[in-house]
Structures are given as structure tokens and as C-alpha cells.
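Peer 1: fold the following and give me the result.
(chains A and B)
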There are 2 protein chains.
Amino acid sequence: MMSSKMKKQPISGYGVSKVLRSRHPDFKEGDLVWGITGWEEYSVIKDPHALIKIQYTDVPLSYYTGVLGMPGLTAYAGFYEICSPKKGEHVFVSAASGAVGQLVGQFAKLAGCYVVGSAGSSEKVNLLKNKLGFDEAFNYKEEHDLDAALKRYFPAGIDIYFENVGGKMLDAVLLNMNIHGRISVCGMISQYNLENLEVEGVKNLFCLVTKRIRMEGFVVMSDYNELYPKFQELAREYLKQGKIVYVEDVVEGIENGGAALVGLFSGRNVGKQVVAVVHE
Amino acid sequence: MMSSKMKKQPISGYGVSKVLRSRHPDFKEGDLVWGITGWEEYSVIKDPHALIKIQYTDVPLSYYTGVLGMPGLTAYAGFYEICSPKKGEHVFVSAASGAVGQLVGQFAKLAGCYVVGSAGSSEKVNLLKNKLGFDEAFNYKEEHDLDAALKRYFPAGIDIYFENVGGKMLDAVLLNMNIHGRISVCGMISQYNLENLEVEGVKNLFCLVTKRIRMEGFVVMSDYNELYPKFQELAREYLKQGKIVYVEDVVEGIENGGAALVGLFSGRNVGKQVVAVVHE
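Peer 2: Coordinates of the predicted model:
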């Protein structure tokens, strides 16, 4: 691998890279890897233990930043391991058209669940209903009363909530959870929003007691790393058979990466946001 | 059992009663039972399946409203089943001198943990440190910065939090939890306080993700009822051997029950609040 000799630490994130030079026994020139690298054209990776070698190149390499990478494993571990789904249960997914949400919804359908997703535009809602197989979807920006919206889509309550947003949505969900419901938390994007200097407090946590809810946070590459081989096999099989589909929003050029990142917080992207630095 | 022929539904709660009349095969005249009854001198119990017959009368009968009753089982199931304690872990208990808290602290010491409790008066803090065996205790009303207080008592962080209060304390705890910490939630008394019309929002829930915390609510008599015999045996043994002690605050006379209930919310009671309606 090669250094771009930048003085400052670059932003880092999940990416796909090709090994240009290596003295590490596990990696050789030409290997393709995915994992955390810098937002730069050339990186020196000093601690490559978190990089995973790409075995299969019969899919777009960008899939290793999503459906076959960290977000895919997040959806898989969060849904199957933390939420313990049962056939017929009612599942709600927020930020449902994102990299994680779109897969959680499809896993939930494959598990025989009823699935509703929320997203922030009618284009995304269409995507959820017409391409990703969600039973229902709604635009949360058009709902003045999230509690009422959830009651409309879940008259019998929510068994599983895959939490990606936090804040007001979590408060409304808590009111609509069923007894012994499970909430898997892998992110709270509403709380990262740079425009919100004041974090919104969650007021309905007493529902955790009255409804005996389990709520669990996780960081997939730290907590469920060992599930990757099994997950990859399943996800490849599902993709091949068309049982899951995957939607990306690709921006060309590292110079557009910053704008793409900022766009995430206003929901400009449709599907997993990818920045193509170079094409093979 | 006998009716007081009240027109209105009485307040109900956990109590100890003697069967005066019964046509139910499991209960006969003279049996002592504990479970949910009315706040009244005589009650008609139409659905006695939730009543538990008292086998042992070698302890004060009031213990079946506390250390040998629902609060005791709450401490036991919440600590052992939900928090999965390991020797040497750091445990924080809020409302620590209450019926549940005082037992959680003592169970935690018996499990080889370091335990700190919070309570609302110096009398309670003394009780925690000098009678109930907590390693440390503090008066939360004297702490302007709960986060700083927790950092003082838990320089290495909190592994287990037994949540009884909610609100600001939960927010401060979240900032001080360790990775893979566990929070068992059996109540949020700060949120029931009648003087607080506005529920306090919890702002630090993003810590659930960054610290991969599991937070779980439970209602012990619904979720862990089957553990009662095993728990009772253990708690009786611990009491007999002096391994646990138990502190009650007994008010005499049903006419003082209302004031005792209201007193809970300002923390007037020291130890488990009991109302003695009649003595055997």
C-alpha cells in the first residue's frame, strides 16, 4: 500500500481497496480488501487486522461497503441475533431505505414477518413498497403525529423495532411496542444531525417497564465479527436467487465525497450512499 | 374472604391477608396469603390465581410484602437473570434504600461486586454504608452534577445499573456505563412524581450504541413468577444466616396508608414502606 503523505489524519470509513504493496504475510499485491481505510486515493494501513480479504468478485465491488459488508452484517446480526424474530411478528424499520434498513426489511419478509418502513421522501417510500418488498411504508416527514401513523400501520402493535434514528420516532415507537418487544439499536441518525445542537430527549422510556421491552445497542464489527463468513454465504445466495435486492446511490469522484456525507443528514441519498474513488 | 361492600374499586397493591372464607379448593379458612389485594380491611378476591400461600411464619409477615415478596423477587430476577453479574463487576443502584434497592446491593456484594447506591437523604446514605453493606453511597440531592458524582465513585465505569428512577440519573449513568454494560429497569419513580407534569427526556441514549448496552424492562410477577420457590429458599437462608438484612418503615393503620403512599414520592420513608392494617 502507498501513502499519500498527508500530514493530517484523513477521515476514515468503510471502503474497498486494492493492495499495492505489502510486507504483511496475509496480504499480497493485487489483493482486494474491505474495511476501514482513509477517505483518500492511497492509504497506508498500519493495522490491517480489521481488513477482510474479498474472495468473490462476481458482484460489484461496492457491495462490500454495503450488502456484503458492515451494513449487511449489521442488518443480519441486529435482526437475527438481537431481535430473535418469529414468523408472523410485526417489524418496524426506520431509515428503511438506507444500507441497513433495506436489508432488515427483506430479512424480515424472508422470516415471515409483517414489515413496515419509514423514510423521508415519496421516492424512498415507493422504493420500499415496490422494489424492496416492504408490506407498507410511509414518509415520516408527512406525518404530524408519528404515534397516530404507527397506530395506523400497526393496529396490533410492534414486536420488533430496528432503530436507526432515535428521538421523536423512538418515543412514538415505544408507545406502540407490544409486550416483550425487542429494539435493536445500531444508530440514531436524528441525534447526529449537525443542525440539531440540542439533542431530543426520549420521554417514553417507562414503556420499557410496562411492556417489558429489551433494547440493545451493538457495534457489529466488534460484537459479531465472527458471523461474517456465515452471513456472507447466506447473503450471496439470497442475491443470486433474487431473494434480496440492493439499492445503491453512487457518487463519482472523491472530490464529491464530502457533499455526499453531508447529504446523508438531509436524506438526499436514495439507497446506500457510495463514493466511487476509482473503478477497476 | 369477605367484602367491605364498597361501591368504588379500591386501590390495590401487594399485601398479606388471612383467608376468612373460601370456596376455592386451594385456599381454606385461616390460610395466610400474599399478593395483590385491595387497600381495605376486608377484600373479595375473585381471581385468586395470583395469590401465593405463605408457608413459613417464622419471619414477620410483612416480609412477604418485601424481602420475601414481589420486591425481593424483583431484586433477585432483575439482578441475577437480567444483569448476569460477574465477580468484580461494578454495580450502581439508584433508590438504593428502597425495598428492591437494598436487596440488589446486598445480592451484588454476595456476588463479589463493588456496589454504590444513591438515595435522597444522609440518613439513607448512612443506612446503605453502615447497615446494608454498600461499598459507597451518596445523596443525589447534594450532587449538582450527577455525571461528576458517578465518575468519582466509578473511575473505572459502571458494568451494571439497577434502574429505579429514570430521568436525569439515567442520563448520567449512560455516560458512565462500560462497554457491554447491562441496565435492568423495574421502575422509573422520578417519572411518576405527581409534581412533575412534564416528563424529563433522556438524552444520552446514543450511549446504547457506542457502549453496546443492553437495557431491559421487566415486571417480575409476570415474567419470573416461576423463580419464586427457588428465590424464597435462598432469601430465607440468607436472612437466617445474617447474610442479608432488611429495613422496613412501618406505618400503623389503614387511615395512614394514603399519606404513606404520597410520602414515597418525596422519599419520606426509610426502607420498605409498609402499612400495618392489623396485627396477627
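
Peer 1: got the buried residues for the longest strand along chain A?
Peer 2: Scanning chain A for the longest strand, with DSSP state E as the assignment, gives strand A:177-185. Neighbour-count burial for strand A:177-185 flags A:Met177, A:Asn178, A:Gly181, A:Arg182, A:Ile183, A:Ser184, A:Val185 (criterion: 16 or more other C-beta atoms under 10 Å in any protein chain shown). Using the backbone N, CA and C atoms, a C-beta is placed for each residue, glycine as well.

Peer 1: outside of it, which residues touch it?
Peer 2: Strand A:177-185 is contacted from outside by A:78-79, A:82-84, A:90, A:156-163, A:173, A:207, A:211-218, B:205, B:208-209, using C-beta atoms under 8 Å, 6 or more residues apart in numbering or on different chains.

Peer 1: next SSE downstream of it?
Peer 2: helix A:207-210 (DSSP states H and E).

Peer 1: who are the packing partners of the helix or strand following that next one?
Peer 2: Moving toward the C-terminus from helix A:207-210, the next helix or strand (DSSP H and E) is strand A:214-217. With contacts defined as 3 or more C-beta pairs under 8 Å, 6 or more residues apart in numbering or on different chains; DSSP states H and E, strand A:214-217 has these neighbours: strand A:177-185, helix B:207-210, strand B:214-217.

Peer 1: out of the ones you listed, flag the one nearest B:Glu136.
Peer 2: helix B:207-210 (22.5 Å; C-beta to C-beta).

Peer 1: before we move on, back to that, of the buried residues of strand A:177-185, closest to chain B?
Peer 2: Distances from chain B to these, taken as C-beta to the nearest C-beta, are shortest for A:Val185 (5.0 Å).

Peer 1: and the residue of the stretch 1-150 of chain A that's closest to chain B?
Peer 2: Residue nearest to chain B within the stretch 1-150 of chain A: A:Ile82 (8.9 Å; C-beta to the nearest C-beta).

Peer 1: distance to A:Ala96 and mean pLDDT added to the helices and strands packed on strand A:214-217, as TSV?
Peer 2: Output for these, formatted as TSV (distance: least, C-beta to C-beta, whole Å; pLDDT from 0 to 100):
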stretch	distance to A:Ala96	mean pLDDT
strand A:177-185	14	97
helix B:207-210	18	94
strand B:214-217	23	96
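
Peer 1: any chance of those in TSV, with distance to B:Gly112 too?
Peer 2: Converted to TSV, the helices and strands packed on strand A:214-217 look like this (distance: least, C-beta to C-beta, whole Å):
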stretch	distance to B:Gly112
strand A:177-185	30
helix B:207-210	26
strand B:214-217	21
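
Peer 1: so which of the ones you listed gets nearest B:Ile254?
Peer 2: In terms of C-beta to C-beta, the element of the helices and strands packed on strand A:214-217 nearest to B:Ile254 is strand B:214-217, at 31.4 Å.

Peer 1: gap between the next helix-or-strand element following the closest one and the chain center?
Peer 2: Following strand B:214-217 in sequence order, the next helix or strand is helix B:220-223 (DSSP H and E). The chain centroid and the centroid of helix B:220-223 are separated by 13 Å under C-alpha atoms, centre = their mean, to the nearest Å.

Peer 1: stretch A:237-250 now?
Peer 2: 14 Å.

Peer 1: count the residues that sit near A:Ala111.
Peer 2: When counting by other C-beta atoms under 10 Å in any protein chain shown, one arrives at 18 neighbours for A:Ala111.

Peer 1: same thing with A:Lys28?
Peer 2: The tally of other residues near A:Lys28 (other C-beta under 10 Å) stands at 12.

Peer 1: next one: A:Val275
Peer 2: Per other C-beta under 10 Å, the neighbour tally for A:Val275 reads 22.

Peer 1: so it sits right up against A:Val251, yeah?
Peer 2: Yes. Counting by C-beta atoms under 8 Å, A:Val275 does reach A:Val251; the two are 5.2 Å apart.

Peer 1: so what's in contact with these two at the same time?
Peer 2: Overlap of the contact sets of A:Val275 and A:Val251 (by C-beta under 8 Å, 6+ apart) consists of A:Gly257, A:Ala260.

Peer 1: ok, back up a step: just the buried members of the contacts of strand A:177-185?
Peer 2: Buried, going by 16+ other C-beta under 10 Å: A:78-79, A:82-83, A:90, A:157-163, A:173, A:207, A:211-218, B:205, B:208-209, out of the contacts of strand A:177-185.

Peer 1: surely A:Glu81 and A:Lys230 touch.
Peer 2: No. At 11.3 Å, A:Glu81 does not count as touching A:Lys230 under the criterion of C-beta under 8 Å.

Peer 1: higher neighbour count, the two?
Peer 2: Neighbour count, other C-beta under 10 Å: between A:Glu81 and A:Lys230, A:Glu81 has more, with 15 against 11.

Peer 1: let me know the pLDDT of the residue of the stretch 151-280 of chain A found nearest chain B.
Peer 2: The minimum distance from the stretch 151-280 of chain A to chain B, using C-beta to the nearest C-beta, falls at A:Gly201 (1.5 Å). Looking at A:Gly201, its pLDDT reads 87.

Peer 1: angles on the backbone of it, please.
Peer 2: phi -80, psi 150 (degrees, to the nearest 10).

Peer 1: cool, and A:Asn139?
Peer 2: Torsion angles, degrees, to the nearest 10, at A:Asn139: phi -90, psi 110.

Peer 1: ok, it to B:Lys28 distance?
Peer 2: Look at A:Asn139 and B:Lys28: by C-beta to C-beta, to the nearest Å, they are 63 Å apart.

Peer 1: and A:Leu170, which of the three is it?
Peer 2: Assigned by DSSP: H, G, I helix; E, B strand; the rest coil, the conformation of A:Leu170 is helix.

Peer 1: that one contacts A:Phe162, correct?
Peer 2: No. If you go by C-beta under 8 Å, A:Leu170 and A:Phe162 don't touch, sitting 11.5 Å apart.

Peer 1: around chain B, which positions in the stretch 101-250 of chain A sit nearby?
Peer 2: A:166, A:170, A:185-188, A:191, A:199-219, A:222-223 (C-beta under 8 Å from any C-beta of the partner chain).

Peer 1: before we move on, the earlier item: for the closest residue to the residue of the stretch 151-280 of chain A closest to chain B other than its chain neighbours, what are its contacts?
Peer 2: Once flanking residues are discounted, A:Gly201 sits nearest to B:Gly201: 1.5 Å by C-beta to C-beta, 6 or more residues apart in numbering or on different chains. Residues in contact with B:Gly201 (C-beta under 8 Å, 6+ apart) are A:Glu200, A:Gly201, A:Val202, A:Lys203.

Peer 1: out of these, grab the one that's most surrounded.
Peer 2: Of all these, the highest neighbour tally under other C-beta under 10 Å goes to A:Val202, namely 24 neighbours.

Peer 1: and that one, what are its bridge partners?
Peer 2: On the basis of DSSP bridges, A:Val202 is bridged to B:Val202.
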